[in-house]
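Q: any chance you could fold what I've pasted below:
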Amino acid sequence: MDPEKMSPTERRRRIAFLVEERMVAVPRKELSSLLEKNPALRRLSASLITPPESDGIRDELYHRVNKINESPLSESSCVRGRTLTSAIADVAQHLSRLPVNEEDEWYCLCGKEPSIGIVRMSSCPDFDSIRTLCEFDREIIFFGSTRKGIATIDMMWDTWSPDSVECDVILGD
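A: A predicted model of the protein is given here:
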């Protein structure tokens, strides 16, 4: 569209979009490279879905977490103060137990920079793939399947090392 024919509101929206895209270009490239090179993620046929296609999936993952936070008596759990290794094991076990169909896809949102996009996987993420994505993001990640379920790892640390990262974990059906 011709910038001269845009309304001021459209022009501001377009500029904001371009600025955001520029800010996420480097981390998006790093994540894409990780998906291509990492054996655990290659086994899952992991690929990156970028905005605007990823926006609906991102919103659904956020909705699932908010639903858990709003209803503490639901079929969910929140565990605080886990080590990174324990948190990853909890999430891998929880995701593997979710009732899904073989054709369902799995998603991971790296919360540090949600505009990067969504990692789409062909099957349930395992311990190694979850660890790899945690090491990439180092803040908060969300996992879910096409149908249902959510798992979140919120990481807090001063010096990055698997033994020095404290995590809060949210698991929901």
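Q: when you work out contacts or count neighbours from here on, use the C-alpha atoms and nothing else.
A: Fine.
Q: quick one: the residue nearest the centre of the chain and Met156, what's the gap?
A: For the chain, Leu109 is the residue whose C-alpha lies nearest the centre (C-alpha atoms, centre = their mean; 1.6 Å). Distance of Leu109 to Met156, computed by C-alpha to C-alpha, to the nearest Å: 17 Å.
Q: what's the answer for Ile116, then?
A: 21 Å.
Q: need the contact list for the residue nearest to the centre of the chain.
A: Applying C-alpha atoms under 8 Å, 6 or more residues apart in numbering, we find Leu109 in contact with Arg58, Leu61, Gly117, Ile118, Val119, Ile141, Phe142, Phe143.
Q: gap between the last one and Cys110?
A: Right, the one you point to is Phe143. Phe143 sits 9 Å away from Cys110, going by C-alpha to C-alpha.
Q: ok, the first one next?
A: Spatial separation of Arg58 from Cys110 under the definition C-alpha to C-alpha is 10 Å.
Q: what about these two, which has more around it?
A: Counted by other C-alpha atoms under 10 Å, Arg58 and Cys110 do not tie: Cys110 has more neighbours, with 24 against 21.
Q: centre of the chain versus stretch 142-152, how much separation?
A: Distance, stretch centre to chain centre, for stretch 142-152: 9 Å (C-alpha atoms, centre = their mean, to the nearest Å).
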